[in-house]
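J.: Need a 3D model of the sequence below.
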Amino acid sequence: MCLAKTNPHAHTRRDFLRHTVAGSSLVCTFVHGWQSLLGMATLQQARFDLLVKGGKVVDPSQRLSAHRDIGIRDGKVVEVAENLAEAQASQVLDARGKIVTPGLIDVHVHVYDGVAPLGIPADPNCIAKGVTTVVDAGSAGAHTFPGFRRQVINVVDTRVFALLNISVVGQSTLSTDNPYGELLDLRYANPKLAIRTIERNRDVILGVKVRLSRSIAGEHDLQALKLAKEAAAAVGLPLMVHIGDTHTPLPVILSLLTKGDVVTHSFRGGEGGILDDRGNVLAEVRSAMARGVHLDIGHGAGSFSFDTAEKALKQSVVPGTISSDVHQFNVNGPVFDLATTLSKFLYLGLTLDEVIQRASTNAANLFGFPKGLGTLRGGAEADVALFSLAEGDFQFEDALKQKRLGHQKLVPVATVKAGRIYGSAPLPVVRAD
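T.: I've put the predicted structure just below:
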């Protein structure tokens, strides 16, 4: 069977219905008098399968930041409006006091658990945290991608896409116990195999990934970059470039990037970043942005600096997307999840709408995702995330162990993917059946 013809997100081992059965902690709290609340609505009569009721909807794709209800049917958003009647719904999710956003999109994660040393399980760290769609950034190469598709993409509840590593072995070599990256031997960088793998899996591979740090590409980072660019250009897809501590200066690397390419770890500290020795944003960075090269955060374990972020933002250089680069060595801090990464940018002065935009609307436009992601417009995929916006004193840490005290934090509460409630969120849900 040709994998390219299969549905990559048909859950062959799990069914979202099992997440909404009566008796789970999500549905164990019933609103008193629910039968009268829903009237005579039945599964056949109800206008909505699910109504997300009473939350503040933040959807930058519609420039919407207001209290609205979201009506969902057949896995799609049917209506976003005020005061939609509970009696029209088979199921009501109480979102009062919560922030309601499109299901978030994290364009840089590592979820090839058990193969790439960086890999972590997708579902506990993505969809359970309000992130319905992710891009695995190069964990798999041409030789290891078939397993990634079978063992992760096709079976997890999180909607997983991929950037293919230009190395055929992907990120299977570098670890704390084996400090040798996948491009130290350029014989593993094979554009022909990358192109063939992408052509067979265009439904889920959205681009090419190359890591250029000295520990990964040694002194031939520029050759590795050119090979990756060759593959990306041949298939007409973007290239994501991991920068920092490179043998070749960043301005030279940037000169090879074209419209649609992505620089991740863009707000890193240390050598090879976007700032010069005086803390000014490099002219070549501004030039690259002007011709359509995107800046992505990719926080990671060593690639986000508050100091760099503060200086860049002060100079009006704002990342297009905010991603977590969540993986084995940062999931317990300092990254934790995408919501925590977004909260750091609330501390840095971006508005709630601006941070959500960079993990929804902008992220959806970065790669060739299917239409209907990152938005709550009518007809869109019914991916919805609910958060509490906690107020207080919260200590945030960057990848250099520098700390900042913030006063707002996004806390994931519940996730809906394609109209189905995921997991065990502590919110009252009314069921009609």
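
J.: element containing Val252?
T.: helix 250-255 (DSSP states H and E).

J.: tell me which residues in that helix are buried?
T.: Leu250, Ile253, Leu254 (16 or more other Cβ atoms under 10 Å). Using the backbone N, CA and C atoms, a C-beta is placed for each residue, glycine as well.

J.: do the same with stretch 276-287
T.: Buried-residue list, stretch 276-287, by 16+ other Cβ under 10 Å: Val281, Leu282, Glu284, Val285.

J.: Likewise for stretch 304-315?
T.: In stretch 304-315, counting by 16+ other Cβ under 10 Å, buried: Phe304, Ser305, Phe306, Thr308, Ala309, Lys311, Ala312, Leu313.

J.: I'd like the average pLDDT over that stretch.
T.: Across stretch 304-315, the average pLDDT comes to 98.

J.: just stretch 385-395 next, same as before
T.: 98.

J.: Equivalent analysis for stretch 131-140, please.
T.: pLDDT averaged over stretch 131-140 gives 98.

J.: swap in stretch 144-154?
T.: On average, stretch 144-154 scores 98.

J.: so how far is that stretch from its chain's centroid?
T.: The chain centroid and the centroid of stretch 144-154 are separated by 18 Å under Cα atoms, centre = their mean, to the nearest Å.

J.: CA-only coordinates of it, as PDB, when you get a sec.
T.: What follows is stretch 144-154, C-alpha atoms only, in PDB (Å, rounded to 0.1, in the frame of the first residue of the first chain):
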ATOM      1  CA  THR A 144      14.000   6.700   9.300                       C
ATOM      2  CA  PHE A 145      10.900   8.600   8.000                       C
ATOM      3  CA  PRO A 146       8.800   5.500   7.100                       C
ATOM      4  CA  GLY A 147       9.000   4.400  10.800                       C
ATOM      5  CA  PHE A 148       8.100   7.900  11.900                       C
ATOM      6  CA  ARG A 149       5.000   7.800   9.700                       C
ATOM      7  CA  ARG A 150       3.900   4.400  10.900                       C
ATOM      8  CA  GLN A 151       4.700   4.700  14.600                       C
ATOM      9  CA  VAL A 152       3.800   8.400  15.200                       C
ATOM     10  CA  ILE A 153       2.000  10.300  12.400                       C
ATOM     11  CA  ASN A 154      -0.500   7.600  11.600                       C
END
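
J.: Not counting its own residues, what contacts stretch 299-317?
T.: 244, 264-265, 267-270, 273-275, 279-281, 285-286, 289, 295, 297-298, 318, 323-327, 329-330, 334-335, 341, 344-345, 348-349, 396, 398-400, 402, 404 (Cβ atoms under 8 Å, 6 or more residues apart in numbering).

J.: tell me how far the ends of it are from each other?
T.: Length of stretch 299-317, first residue to last, Cα to Cα, to the nearest Å: 17 Å.

J.: Same check on stretch 201-217?
T.: Start-to-end, stretch 201-217 (Cα to Cα) is 26 Å.

J.: Three-state assignment for the residue nearest the centre of the chain, please.
T.: Nearest to the mean C-alpha position of the chain, counting by Cα atoms, centre = their mean, stands Asp106 at 0.7 Å. Classification of Asp106 using DSSP: H, G, I helix; E, B strand; the rest coil returns strand.

J.: Does it touch Ser323 like I think?
T.: Yes - using Cβ atoms under 8 Å, Asp106 is in contact with Ser323, at 5.3 Å.

J.: so what sits against both of these two?
T.: Common neighbours of Asp106 and Ser323 (Cβ under 8 Å, 6+ apart) are Leu338, Ala359, Ala363.
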